[in-house]
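[1] Sequence and predicted structure below; questions after.
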Amino acid sequence: MVTRGEIQPGTQVTVSVSDDGTGLQINAGQRSVPVASQPPRVLIVDDNRDLLLFVAGQLELEGWEILTAETAEQARELFAQRKPGTVLLDYLLGEDDGLRLGLQFQAQAPDTQVIIMTGGGLTQDELLLCADGSLPVLYKPFLTDEVLNLVRARYRRGLTLGAVSA
């Protein structure tokens, strides 16, 4: 029989009916140690510095770790080094193709959520590529809540955060 004070906080406990049915049996297992979860790591890539800083500021208010890049080259470096779980990626990045870059990121890390941001201009074939690759398209101008809801939904669905915890 366990007496008060012998079970340490954080210990997993099971309670069952005793064999004779007249009382309860308390079994203390190993003490579990809570694991601190890492905040989602989000990479935002846009050559419009004002929009980039605005979106980054809004997402930081959520407590997420925010990485920013203004070029595809910077984005590739940050992606390789920091392994974000979500990438918000502008479709037009100067000379670079944001959609192709997003598909490269997904090929490198299939659990990464890539969201394409665009003011329009996607062809029907590109829209099909987005649909086939499960790349949501966020049309500019967008509301901050639209971005937040897309990123939150990824983590609420319980998708792996392995890329985020690195």
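    Arrived safely, thanks for sending.

[2] by contact count, what packs against the helix-or-strand element of the chain with minimal mean pLDDT?
    Using mean pLDDT, DSSP states H and E, strand 24-31 stands out as the lowest-scoring helix or strand of the chain, at a mean of 71. Helices and strands touching strand 24-31, as assessed by 3 or more CB pairs under 8 Å, 6 or more residues apart in numbering; DSSP states H and E, comprise strand 11-17. Where C-beta positions appear, they are placed from N, C-alpha and C, glycine not excepted.

[3] Now do the strand it packs on, average pLDDT.
    For strand 11-17, mean pLDDT is 76.

[4] L127 is in contact with V137, isn't it?
    Yes - L127 is within contact range of V137, at 7.2 Å (criterion: CB atoms under 8 Å).

[5] Where does the prediction get shaky in the chain?
    1-10, 30-37, 156-166 (pLDDT under 70).

[6] Domain ranges for it, per the record?
    Domain ranges of the chain: 1-34, 41-156, per automatic domain parsing.

[7] coming back round to it: strand partners (parallel or antiparallel) of the least confident helix or strand of the chain?
    Next to strand 24-31 in the sheet, as set by DSSP bridges, lie strand 11-17 (antiparallel).

[8] Let's see the strand it pairs with as PDB, backbone CA atoms only.
    The C-alpha trace of strand 11-17 is given here as PDB (Å, rounded to 0.1, in the frame of the first residue of the first chain):
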ATOM      1  CA  THR A  11       5.100  10.200 -11.700                       C
ATOM      2  CA  GLN A  12       2.700   8.200 -13.800                       C
ATOM      3  CA  VAL A  13       0.200   6.500 -11.600                       C
ATOM      4  CA  THR A  14      -2.300   3.700 -12.300                       C
ATOM      5  CA  VAL A  15      -5.300   3.000 -10.100                       C
ATOM      6  CA  SER A  16      -7.100  -0.300 -10.200                       C
ATOM      7  CA  VAL A  17      -9.600  -2.200  -8.100                       C
END
